[in-house]
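Enquirer: coordinates for the following, if possible.
(2 chains)
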Amino acid sequence: MTTEAGSETEVKEKAEESAAETDQSEKASEGAQEVTDAEGEDKEKEKEKDGKEGKGIARYLPTWLKKQKSQSQTSPTKEEPPKEESNSKDTQEEDGPVPEVNGHAEEVEEKEAVKSDEVKEQEAESHSTASADTEPAKEEKVQESAEKSPEETVVTEEGEGVEEEKKEQEGEGEKEGEEGGEEGHTSIFQSPLRLVRKSKMKLVVCRVTLLDGTDFTCEVEKRAKGQFLFFKVCEHLNLMEKDYFGLSYIDSHEQKVWLDPTKEIKRQIRSNNWQFSFNVKFYPPDPSLLTEDITRYLLCLQLREDVASGRLPCSFVTHALLGSYTLQAEVGDYEPDQPRPLDNVGQLTFAPNQNREMEEKIVELHKSHRGMTPAQADVQFLENAKKLSMYGVDLHHAKDSEGVDIMLGVCANGLLVYKDRLRINRFAWPKILKISYKRNNFYIKIRPGETEQFESTVGFKLQNHRSAKRLWKVCVENHSFFRLNAPEPPTKARFLTLGSKFRYSGRTQAQSRVASSLIDRPAPCFERTSSKRISRSLDGAPMIRITEATSENGGDPHLELHSDSKESAPQAEDAPVAENEISDTKEPAKTAEVEIEETVVVQEVSIAPKPGLVTVTSPQEVTVEKEVVVTVETKEAKQESVSSESESEEEAEYQPNVSVSICHTQILEEEEEEEEEEEKKGVSVPDAPSLPAEVEEEPEQKNNAEEEIQAKSNDDPITTQATNGHSLPEDSAVAPEEEEEEEEEEQEEQLKMNGVASVVEAEPRLQVICCSEPPVVKTEMVTISDTFAAQKTEIATKEVPIVHTETKTITYEAAQLDGNGDGEPGVLMTAQTITSESLCTTTTTHITKTLKGGLSETRIEKRIVITGDCDIDHDQALAQAIKEAKEQHPDMSVTRVVVHKETELAEEED
Amino acid sequence: MAGFGHYTHAIVRGIPASLAKEALRSSQSEVDLAGARKEHEAYVQVLGTRLGLEVVELPADESLPDCVFVEDAVVVCGDTALITRPGAESRRKETEVMKAALKNLNLNIVEMTDENATLDGGDVLFTGQEFFVGLSKRTNQKGAEILADVFKDYAVSTVPVLQGLHLKSFCSMGGPGLILIGSSEHAQKTLKIMQQMSDHRYDKLTLPDDAAANCLYMNLPNKGHVLVHPTAEEYPESATVFDKLKDHMLIPVSNIEKTKVDGALTCCSVLITKRANI
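Expert: Numbers count the residues shown, from 1 in each chain, chains lettered A, B, ... in the order given. Below is the predicted model of the structure:
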């Protein structure tokens, strides 16, 4: 499903990007689409109804929001949603678990792609402006009239792969007349789902080199996400503890790159070489904690390769010792009568400089392992390998500030700096406040030591920006995996810079451990590479039996596989969702912690409104007391910056969350500091720190709200019901386009908020920018993973009644208006804060800055706190607040809406 | 690796008469040769008789006044011995006899032949899990690199030696995961660097006197944790700190004379672990 959707978007993109021809055709087809979409619209309406019934915010959101999105994106919004829904439904029916994954992936892509084409946006804005229709249907029409297909939006976001896709599509079209035609239509007019139904996606053969050196071949849809292929491989391997592994490919620069599970494969590999390899991505610091022998076996295979290739250096003795365990595992007990051992050893590669002496040593040690089962030998192998100093260290070439060649090693504990073989520095994850890259520079901001007052930033030079980004990604992933309880939401508002919004989307080690502790299946039999020995768990049978078993297995491996697959089938289902589930279910205690963190963040936010991006932010906070804080930030940006896709890739930041071990308090401080810094820079708005929040109700509500917003016309001023007496300064005229864009983005975000399942249903057209349980700031990039998170949150909440307080922060952020964005400080001209109290507490902050080029930018930040019982319709209040804000400042655009919800978790909510 | 401090052998060397006058020293002082030899004899006896190590005694060489300080000539870890290239040119030949002795023990010998490299064993702190190499007047980066190349299993981190002769002039291991460290500013600073550079956590025991932080730790069968440390006579304040090590067998050894030529307790022996079956 996802694949299809992606294709559509691509098509749209192509259409947009490519010559007017496409557009025309699209237009022509649009009419047809409308007809076709009728069904979809109906569905949408239904959805809306549903949403209204629910608590979703979406229902309250003005239509214009929806329109805006579509407009800005240049793609018809309405059509998309229905399509998505239908698609999603279809997909679910057809694929079951897979669809969800796809959906996520799509979202992610969209987010990433988010780079909005200004032109498109402008057009869209104009359209939207013209059509102030409150009704969604009208909006849709308008949008359509705009000539842009709903999917286009998506396309815009996806930016990266578009060209390729186009080419591919074109190629397809040429090759396959009907198919191509259908695709084109679908892409333009129909939703991806339909496409799927009507025309089977093109299948591509993927070749995955497994750890035992064999190739696994399978077919995937051309637009499948990385995750899909990964799960297929894991299923083939009968691997359940899959979080430590990943797929990699060789990019056009001969660099090994990890395949992002949340993105389409095709867009990543950028070539027709669908060749991957299955590798360990995160080396567990203590392999004995792995649950299954098969996982350890695969880890052994990886390490054997690492050792033999020299990537994992070790001494002669260690080489011999590891080799002897390998022999024991693969061959069994040493048998003196057979001449075979030494020959065998000679055939196997244990070390980069293997010689006779080493082989003799290996055999000698092998003799001492008599009686050891393969699984036991693996355990011993790992116990020795894990002690090696370079175990699990991912090395990257770099230069220090003085141009000296060094190596940067990323590992479970942090970042290591090597000069030649010597470790010359080390930055443990807790010491690192921020990781970023810009062009070919890689920076880490270090927490000040006990005696130091200021944090310092250490910079390294990478070969090029690609390697800098790769290093940054690896850092983000490793930090997330090893230090966090749950993955961080993809994007933070802070990064107004057009950086990559990449975040680790999989399970963390903590989650993985919980998950694997729940594995309840008999230890799977698996065939060992060279020996054909079947290994069993430690309790395992004597060698002889094993051999027999092997023969049996050999007889019909297929059967076994089937059984495995059946067993693992539940996994597969879980897998897509797995992330969410895991986080939720497994660690109630952690959840509680998270909540605390969130709370803290919220406090920070409420205390200090921060000037960030040009945006209107309306955060709703529901506290235990059931206070809802709605903050509306309005910013005017005279300058528009065009965000280029390339830019987004050029730099990115990542601020590692507090590790589990760190106390919350510390975390808070950190966050605050960070935020302050950001404020100073004027680049980013402080969002709630990325804390994993668990929102039960909110997702739905938000969705509803979005819908409402969409229903309202863009032109309609937004009124904040809850908020009264705020004087929003109307400074510079905001470009309508910008506003629209912002709105669109907001809408998108909202969609995300609906998130998870709802996302699909809600409105496919809208680009879901962001929705995260924790404070998530979404900018241009939308991450699918967020959706998952939302789901997780919900689940978690329900499952974990322990939590007393729940805080949710949702940020809707418009595309960044200021291109300056790169963080040019700007000069603060005025800043004033007005606070009034009534039913709701409203705080309005006006900040005017002079930006580069003499332009001034005024941002108005409104913080509305709504406190009340459950009876209060927060969503409605929010919607009105937005509306009001819009009305008050017609010339300003709403760039960001942050909703903080703090709720007492009562069973009632569930 | 397993069983940090499980030593079986010790290599020591006699004191040449030339030590009194010609041995290198950082401060002027008169060495009582007879007293030094007496102390050394007691030291060797503790290792051999009291602790049961198999002691290999190398003959003194009058042309090598510092030869008693065998630690600087070699770094032994596991079955591998790295013959160093001492930073002081007058000491380079100390390695020859040492090499022969190590060969007799069937260790894998690796020699540091690079003429740009210098390394004194006194700058090498092996914690059982990793190496710290002090960059000092006697040890340079190249020497550390070669060490890292030889002992590939372990992380090798370099730390600056801000004051004093060697890294181990103000620190040593007091047990698995326990670092003995002097209280001077530079010693504390170096410790901080070591802690930052390490993936492992170390406890520390701070001693009022830097020199008292140089002790010999062993973990021996039937004796458990053993710490050979300076006497209360030399460092009265520090002596009380050692008493905190309740689990250790504490053996004070007088080292007054050799200290005058910068010789600490660890300097006078090379401890080796030889496993029976390998």
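Enquirer: where does the stretch 151-278 of chain B get nearest to chain A, residue-wise?
Expert: B:Ala155 (3.6 Å; C-beta to the nearest C-beta). The way it works is simple: take the backbone N, C-alpha and C, and place the C-beta from them, glycine included.
Enquirer: and A:Ala515, how far from A:Gln509?
Expert: Remark: distance between A:Ala515 and A:Gln509 (C-beta to C-beta, to the nearest Å) = 10 Å.
Enquirer: could you tell me which residues touch both of those two?
Expert: A:Asp243 (C-beta atoms under 8 Å, 6 or more residues apart in numbering or on different chains).
Enquirer: the two: who's more crowded?
Expert: Under the criterion of other C-beta atoms under 10 Å in any protein chain shown, the comparison of A:Ala515 against A:Gln509 puts A:Ala515 first, with 25 against 21.
Enquirer: what strand or helix carries the more buried one?
Expert: Assigning secondary structure by DSSP states H and E places A:Ala515 in helix A:509-517.
Enquirer: confirm A:Gln328 sits in a strand?
Expert: No: secondary structure of A:Gln328 (DSSP: H, G, I helix; E, B strand; the rest coil): helix, not part of a strand.
Enquirer: find the nearest non-adjacent residue to whichever residue of the stretch 201-350 of chain A sits closest to chain B, please.
Expert: Closest contact between the stretch 201-350 of chain A and chain B, by C-beta to the nearest C-beta, is at A:Pro313 (4.3 Å). Ranked by C-beta to C-beta, 6 or more residues apart in numbering or on different chains and with sequence neighbours excluded, the top spatial neighbour of A:Pro313 is B:Lys152, at 4.3 Å.
Enquirer: need the phi and psi values for that neighbour.
Expert: Torsion angles at B:Lys152 (phi, psi; degrees, to the nearest 10) stand at phi -70, psi -20.
Enquirer: pull the number of nearby residues for it.
Expert: B:Lys152: 20 neighbours (other C-beta under 10 Å).
Enquirer: hmm, it is touching A:Cys314, no?
Expert: Yes: using C-beta atoms under 8 Å, B:Lys152 is in contact with A:Cys314, at 5.3 Å.
Enquirer: joint contacts of those two?
Expert: Counting by C-beta under 8 Å, 6+ apart, the residues touching both B:Lys152 and A:Cys314 are A:Leu388.
Enquirer: so who does A:Lys386 touch?
Expert: Taking C-beta under 8 Å, 6+ apart as the criterion, A:Lys386 is in contact with A:283, A:285-287.
Enquirer: can you redo these as TSV with neighbour count?
Expert: Formatted as TSV, the contacts of A:Lys386 follow (neighbours: other C-beta atoms under 10 Å in any protein chain shown):
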residue	neighbour count
A:Tyr283	23
A:Pro285	15
A:Asp286	10
A:Pro287	21
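Enquirer: max pairwise distance over those: which two?
Expert: Pairwise distances across the contacts of A:Lys386 (C-beta to C-beta) peak at 10.2 Å, for the pair A:Tyr283 and A:Asp286.
Enquirer: report the rounded mean pLDDT for whichever strand or helix holds A:Phe230.
Expert: Under the criterion of DSSP H and E, A:Phe230 resides in helix A:226-237. Average pLDDT, helix A:226-237: 92.
Enquirer: which residues are contacting the next helix or strand after that helix?
Expert: Next along the chain after helix A:226-237, taking DSSP H and E as the criterion, comes strand A:245-250. For strand A:245-250, the external contacting residues (C-beta under 8 Å, 6+ apart) are A:208, A:226, A:229-230, A:233-234, A:239, A:256-259, A:261, A:268-269, A:273, A:275-281, A:298.
Enquirer: can you check stretch B:201-213 too?
Expert: Stretch B:201-213 is contacted by residues B:127, B:164, B:169-172, B:174, B:177-184, B:187-188, B:191, B:194-195, B:229-230, B:234-235, B:237-239, B:241, B:244-245, B:259, B:264 when judged by C-beta under 8 Å, 6+ apart.
Enquirer: next, the buried residues of that stretch.
Expert: For stretch B:201-213, burial by neighbour count (16 or more other C-beta atoms under 10 Å in any protein chain shown) applies to B:202, B:204-205, B:207-213.
Enquirer: ok, those vs B:Leu24, which is closest?
Expert: Ranked by distance to B:Leu24 (C-beta to C-beta), the buried residues of stretch B:201-213 are led by B:Ala211 at 16.5 Å.
Enquirer: report all helices and strands that the helix or strand encompassing A:Asn478 contacts.
Expert: Taking DSSP H and E as the definition, A:Asn478 sits inside helix A:465-483. Packed against helix A:465-483, as judged by 3 or more C-beta pairs under 8 Å, 6 or more residues apart in numbering or on different chains; DSSP states H and E, are the following elements: strand A:256-258, strand A:394-399, strand A:405-410, strand A:432-438, strand A:441-446, helix A:645-650, strand A:651-654.
Enquirer: can you find the helix or strand of the chain with the lowest average pLDDT?
Expert: No chain specified, so I'll use chain A. Taking mean pLDDT, DSSP states H and E as the measure, chain A has helix A:588-607 as its least confident helix or strand, at a mean of 25.
Enquirer: wait, I meant chain B there
Expert: helix B:19-22 (a mean of 86).
Enquirer: following it, which helix or strand shows up next?
Expert: Scanning forward in sequence from helix B:19-22 by DSSP H and E, the next helix or strand is helix B:33-45.
Enquirer: ok now that next one, how far from the chain's centre?
Expert: 17 Å (C-alpha atoms, centre = their mean, to the nearest Å).
Enquirer: please export the C-alpha coordinates of the helix or strand following it as PDB.
Expert: Sequence order places strand B:54-58 as the next helix or strand after helix B:33-45, per DSSP H and E. Output of strand B:54-58 as PDB, limited to C-alpha atoms (Å, rounded to 0.1, in the frame of the first residue of the first chain):
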ATOM      1  CA  GLU B  54      58.800 -17.900  40.900                       C
ATOM      2  CA  VAL B  55      61.500 -15.200  40.800                       C
ATOM      3  CA  VAL B  56      63.900 -14.900  38.000                       C
ATOM      4  CA  GLU B  57      66.900 -12.800  39.100                       C
ATOM      5  CA  LEU B  58      69.000 -11.200  36.500                       C
END
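Enquirer: list the contacts of the helix or strand that strand B:54-58 is followed by.
Expert: Helices and strands here follow DSSP H and E; after strand B:54-58, the next one along the chain is strand B:74-77. Outside strand B:74-77, the residues that touch it by C-beta under 8 Å, 6+ apart are B:81-84, B:95, B:98-99, B:102, B:107, B:119, B:121, B:124, B:126, B:131, B:147, B:151, B:154, B:270-272.
Enquirer: rerun at 6 Å
Expert: B:81-83, B:98, B:121, B:124, B:126, B:151, B:270, B:272 (C-beta atoms under 6 Å, 6 or more residues apart in numbering or on different chains).
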